[in-house]
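J.: Turn this into a structure:
(chains A and B)
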Protein chains: 2
Amino acid sequence: MSYAAFEAEVAKVNDILCAVNVLVWDSRTMMPPAAAEARGKQLGTLVAVAREIATGDSMRKSLDAARMELAGMPGEHLRRRALDDAASAIATLGRIPARLVQESAERRTEGQAIWIKARAENDFAAFVPVLERTVALQREIGEHIGYADHPYDAACGTFEPDISWAQLKHLYADLKGAIGPLLQAALQARPARVDVLERTYPIEKQKAFSKAVAARMGYDFERGRLDDTVHPFEISFTRTDARITGRFRENWLPGGLFAVWHEAGHGIYEQGVAPEFTRSVFTTDLLNLYAVGGTSFGMHESQSRLWENRVGRSRRFWEQNFGALQAEFPGQLADVSVAEFWRAVNAPRPSLIRVEADELTYDLHIILRSEIEAGLMDGTLRVADLPAIWADKVRGYLGLDVPTNTLGVLQDAHWSAGMIGSFPTYTMGNIMSSQLFKAATKVPEIERGLEAGDYVPLRTWLGDKVHRHGRSLTPAEIMNAATGKVLGTDDYIDDLRRKVAELHA
Amino acid sequence: MSYAAFEAEVAKVNDILCAVNVLVWDSRTMMPPAAAEARGKQLGTLVAVAREIATGDSMRKSLDAARMELAGMPGEHLRRRALDDAASAIATLGRIPARLVQESAERRTEGQAIWIKARAENDFAAFVPVLERTVALQREIGEHIGYADHPYDAACGTFEPDISWAQLKHLYADLKGAIGPLLQAALQARPARVDVLERTYPIEKQKAFSKAVAARMGYDFERGRLDDTVHPFEISFTRTDARITGRFRENWLPGGLFAVWHEAGHGIYEQGVAPEFTRSVFTTDLLNLYAVGGTSFGMHESQSRLWENRVGRSRRFWEQNFGALQAEFPGQLADVSVAEFWRAVNAPRPSLIRVEADELTYDLHIILRSEIEAGLMDGTLRVADLPAIWADKVRGYLGLDVPTNTLGVLQDAHWSAGMIGSFPTYTMGNIMSSQLFKAATKVPEIERGLEAGDYVPLRTWLGDKVHRHGRSLTPAEIMNAATGKVLGTDDYIDDLRRKVAELHA
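T.: Alright, predicted model coming up:
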């Protein structure tokens, strides 16, 4: 009975957090802008109520009683784990004052409305107060969570367990060391026909093609849907309703397509969590008070990047699928060969916008954001100075001038949503995706599937090694079990290197 | 401070109930069907949490403290009213045992599933146990709520304050006396060209036209939106986000158009509630645990019916707007005159199905349902006898034979969802709409506006007399202040009579 009472408390929290996700999804796809203020209050209340239940007496009592109940019982690994995970998250959560949690939640919708306007009007000054308050809030929250070495550790740790700024600087150093020369080399390869991607591609046809491929990758449209938004994302309200969003432009074909496959990768993860974990600790991020089945932001990103880049940008993928794309756009692609198309969607082009970055320059965008976030968190950088700092770093890493803040410091939604410390998980995801893909493609059946355009074996392997476990295994446990080694940059740098070599061939 | 604490508790309840509304809206417009089970649990949890807060210690303590605080202060009419309204609703809510609330909620999903199957298979016997238990539950709940005279009073009272079965019988007698002869007369008028409404009208154009008119009526699309659904409804999440839904059919033009204006009428009401009532007692139905700004189901229906029938089915409306409709559908309407079109959308056609009934026969559907509900509640009718009773009443009121229970007693969702006592509010709304419209059109500016197709003066008057007050005035207070008399059927019967006379002209 005690364990059942504990499960019932967690289920309540999960239900409320799923409702939060529905409200967030709605606010970014459907909601009239005038509703932003009221929606912010609603989200604030729901998160506060979830927090009250998560840290309340009933939860604590049922947790303690369940521990007692399980003490003498053998073979209860998963239940013990659920109790330990919940106890640890709740203890951390209990240290963060309720007013901070509520303010964070309330500011989310409102902050995004201000950001959307500021970005549209290239008005960084309008966004400064939002970001300053976000930084102050996250610093205060970080002090309550605690950290070993650097205030940024606390911020990153909420998204990716056991990651530190010191470790990240190591990984980043490896990547910077490898990417710099590769980028120089890649830019000297013969130019790709990128202009063919800028022809006019009617959006409805882009959608139809990208959806058909996403379905073949394994995204189940019977348990999800695709809607338009400004900044694509995936969000789930249990495994039976994991939705993706996209943003299509008529004159930039890859923007819409690859974003759908990216979000589909996230959605496949959520749809693949074991059904018995529904409404449980293993589909509830009790620390961030977020309903999610993925074990960490980095692991989530590994799945989206795997389908987007390891599969979707591979040469073999386009040998399999370019015919169908040409059938959708016969006029636009009549004079383009599959090899030319593959080169075009892989062409390294240092650009101002992270979400449009190619595989080789993407991590440079993350590294510069991480450096800024770390500086904001330890107080060595000031919000008001960000436009100049941003411009310096973009010049240094990407060799580009930043013409407007809209194309610079205002481009991402994250800070407006109160998130600091999540950017590193994108690069973590890239690294994990290569390590997982390398392990998967050692299985002959998977390799044969990819060769034939059959993605079922790969998806089945990922489902078995990653998806079904939900949050019942840590990222490190999953990586060790699936790849036989700890996380490292080798496989990822190999993939980048191989791609550049292919582009030269 | 105490009053502020009370307001904060109510705001929490309102936020949660607004979230419920978002989840309900989503489930009926966007949600993949596979998500129904999880969504049911989420809704159950949210309503339970709202109920816990509404009837909890903090609410009770802050209510008592706020009463003390206000005791000596003059000019606090609205605040006192808020406290009284909240105290009364919470006391009633507190008298209903939790097990009854829970059983009602639990049986709802099951009851609807059984009803859907029974309706599809014309199997009333399968539905008998559901309806018997619903009646028993609602009778028991009614005993806890309390009533002066008849057990049906308690059921109706949750939807429409201060209405009694005795009063309803009075109103219904008036209506039956008037509608019978009018219907006989109307059926003898020369036939309308109803067939022209069954031509092919592309749905996107129907939508564009109905939206343009709804916007002119005053529905603010910046604080709402129109989406497709199976059974159209309006739902709000505060005045800044009041959404409407529609269902368009290519071969039945009025179905889509009038439903949009009906729902827009509901939406205009919610959008017009005073901003200062947001998240307050005056936008929260604490008894039904439903976030809504309208003061009662009947008053809400008065607004939808006013825009749908008093405005949208008037001759002058089509003299103003038929040109625009013809411009959308030049081929389909080339051979139709404005007079013919107006006659077609007003043609009385006794039918078996309530939701397809014309203005003149609609109330007969409501009256027969009310009589059955009252009989079930006082035990003079037995559920098992309903098919025969239904057939008798349909023959008596509408002159039609009922071929199947699917087209008879099984047609409405209400009883399967546990609702008894809501049907009378549809007729209350009709009566109120005429009484309000009559009072409004005594204002010369409003009359001139309607003549010229300018709906701003009418909407402004309704906003001032009805909408802005939210739930801070009862329906009776609103009717008295707006029309100078208590609710009566005279104006409504006048309108029906005038329409029939016009159809004969």
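J.: Output the contacting helices and strands for the lowest-mean-pLDDT helix or strand in chain A.
T.: Across the helices and strands of chain A, mean pLDDT, DSSP states H and E gives its lowest value to helix A:98-120, namely a mean of 86. Helices and strands touching helix A:98-120, as assessed by 3 or more C-beta pairs under 8 Å, 6 or more residues apart in numbering or on different chains; DSSP states H and E, comprise helix A:2-29, helix A:36-54, helix A:124-145. Every residue, glycine included, has its C-beta placed from N, CA and C.
J.: what angle do the first one and helix B:2-29 make?
T.: Orientation check (axes from the mean of the first three to the mean of the last three C-alpha atoms, to 10 degrees): helix A:2-29 against helix B:2-29 gives 80 degrees.
J.: got the CA coordinates for the least confident helix or strand of chain A in PDB?
T.: Listed in PDB are the C-alpha atoms of helix A:98-120, where the atom choice follows Å, rounded to 0.1, in the frame of the first residue of the first chain:
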ATOM      1  CA  ALA A  98       8.900  28.300  -3.700                       C
ATOM      2  CA  ARG A  99       8.900  32.000  -4.700                       C
ATOM      3  CA  LEU A 100      11.800  31.400  -7.100                       C
ATOM      4  CA  VAL A 101      10.200  28.400  -8.700                       C
ATOM      5  CA  GLN A 102       7.000  30.300  -9.200                       C
ATOM      6  CA  GLU A 103       8.600  33.400 -10.500                       C
ATOM      7  CA  SER A 104      10.600  31.400 -13.000                       C
ATOM      8  CA  ALA A 105       7.500  29.700 -14.300                       C
ATOM      9  CA  GLU A 106       5.500  32.900 -14.400                       C
ATOM     10  CA  ARG A 107       8.100  34.800 -16.300                       C
ATOM     11  CA  ARG A 108       8.400  32.100 -18.900                       C
ATOM     12  CA  THR A 109       5.400  33.000 -21.100                       C
ATOM     13  CA  GLU A 110       5.700  36.700 -20.500                       C
ATOM     14  CA  GLY A 111       9.500  36.700 -21.200                       C
ATOM     15  CA  GLN A 112       8.900  34.900 -24.400                       C
ATOM     16  CA  ALA A 113       6.300  37.500 -25.500                       C
ATOM     17  CA  ILE A 114       8.800  40.300 -24.800                       C
ATOM     18  CA  TRP A 115      11.500  38.300 -26.600                       C
ATOM     19  CA  ILE A 116       9.400  37.700 -29.700                       C
ATOM     20  CA  LYS A 117       8.700  41.400 -30.000                       C
ATOM     21  CA  ALA A 118      12.300  42.400 -29.200                       C
ATOM     22  CA  ARG A 119      13.700  40.000 -31.800                       C
ATOM     23  CA  ALA A 120      11.200  41.200 -34.400                       C
END
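J.: does the most centrally placed residue in chain A sit in a helix, a strand or a coil?
T.: The geometric centre of chain A, computed from its C-alpha atoms, lies nearest to A:Glu301 (C-alpha atoms, centre = their mean), at 4.4 Å. Here A:Glu301 is helix, with the state taken from DSSP: H, G, I helix; E, B strand; the rest coil.
J.: quick one: contacts for the residue nearest to it when sequence neighbours are not counted?
T.: Using C-beta to C-beta, 6 or more residues apart in numbering or on different chains and skipping residues adjacent in sequence, the residue nearest A:Glu301 is A:Gly429, 2.4 Å away. By C-beta atoms under 8 Å, 6 or more residues apart in numbering or on different chains, A:Gly429 lies in contact with A:297-305.
J.: Which strand or helix spans A:Gly429?
T.: When secondary structure is defined by DSSP states H and E, A:Gly429 falls within helix A:424-440.
J.: For that helix, give the mean pLDDT please.
T.: Mean pLDDT, helix A:424-440: 98.
J.: repeat for stretch A:78-87
T.: Confidence over stretch A:78-87, taken as the mean pLDDT, stands at 95.
J.: How far away from the center of its chain is that stretch?
T.: The offset between the C-alpha centroid of stretch A:78-87 and the centroid of the whole chain comes to 25 Å, using C-alpha atoms, centre = their mean, to the nearest Å.
J.: Can you give me the buried ones in it?
T.: The neighbour-count criterion (16 or more other C-beta atoms under 10 Å in any protein chain shown) identifies A:79, A:82-83, A:85-87 as the buried residues of stretch A:78-87.
J.: Around chain B, pick out the residues from the stretch 201-350 of chain A.
T.: Remark: the part of the stretch 201-350 of chain A in contact with chain B comprises A:221-225, A:237-238, A:240-241, A:278-279, using C-beta under 8 Å from any C-beta of the partner chain.
J.: Quick one: buried ones out of the residues you listed?
T.: A:223-225, A:237-238, A:240-241, A:278-279.
J.: Throw those into TSV and include pLDDT and secondary structure, thanks.
T.: TSV is the format used below for those (pLDDT from 0 to 100; DSSP: H, G, I helix; E, B strand; the rest coil):
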residue	pLDDT	secondary structure
A:Arg223	98	helix
A:Gly224	98	coil
A:Arg225	98	coil
A:Phe237	97	coil
A:Thr238	97	coil
A:Thr240	97	coil
A:Asp241	97	coil
A:Thr278	98	coil
A:Arg279	97	coil
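J.: Can you name the two of those residues that sit furthest apart?
T.: Farthest-apart pair in those is A:Arg225 and A:Arg279; separation 21.4 Å (C-beta to C-beta).
J.: How much space separates A:Leu286 from A:His414?
T.: Counting by C-beta to C-beta, to the nearest Å, the separation of A:Leu286 from A:His414 is 22 Å.
J.: The two: which has the busier surroundings?
T.: A:Leu286 (25 against 17; other C-beta atoms under 10 Å in any protein chain shown).
J.: sorry, back to before: among the helices and strands packed on helix A:98-120, which is nearest A:Ile446?
T.: helix A:2-29 (31.9 Å).
J.: Next, the buried residues of that closest one.
T.: Under 16+ other C-beta under 10 Å, the buried positions of helix A:2-29 are A:2-3, A:5-7, A:9-29.
J.: How about the residues of the stretch 351-500 of chain A by chain B?
T.: Taking C-beta under 8 Å from any C-beta as the criterion, the stretch 351-500 of chain A has no contact residues with chain B.
J.: Per-residue pLDDT of the residue in the stretch 351-500 of chain A that chain B sits nearest to, please?
T.: Going by C-beta to the nearest C-beta, chain B is nearest to A:Gly470 of the stretch 351-500 of chain A, at 14.8 Å. The predicted local confidence for A:Gly470 comes out at a pLDDT of 98.
J.: Kindly tell me how buried it is, as a neighbour count.
T.: Applying other C-beta under 10 Å, we find 25 other residues in the vicinity of A:Gly470.
J.: show me what contacts it?
T.: With contact taken as C-beta under 8 Å, 6+ apart, A:Gly470 is in contact with A:273-274, A:277, A:280, A:282-283, A:293-295.
J.: Of these, which belong to helices?
T.: Secondary structure assignment (DSSP state H) places none of the contacts of A:Gly470 within helices.
J.: A:Leu325 reaches A:Phe209, doesn't it?
T.: Yes: look at A:Leu325 against A:Phe209 with C-beta atoms under 8 Å: they come within range, at 6.0 Å.
J.: on that earlier part again, check the offset of the helix holding A:Gly429 from the chain's centre.
T.: Shown here is helix A:424-440, whose average C-alpha point lies 12 Å from the average C-alpha point of the whole chain (C-alpha atoms, centre = their mean).
J.: Next, the angle helix A:424-440 makes with the following helix or strand past it.
T.: As assigned by DSSP H and E, the chain's next helix or strand after helix A:424-440 is helix A:444-452. Helix A:444-452 runs at 110 degrees relative to helix A:424-440, counting by the same axes, to 10 degrees.
J.: State the mean pLDDT of helix A:444-452.
T.: Per-residue pLDDT over helix A:444-452 has a mean of 97.
J.: now that helix, how far from the chain's geometric center?
T.: From the chain centre to the centre of helix A:444-452 is a distance of 27 Å (C-alpha atoms, centre = their mean).
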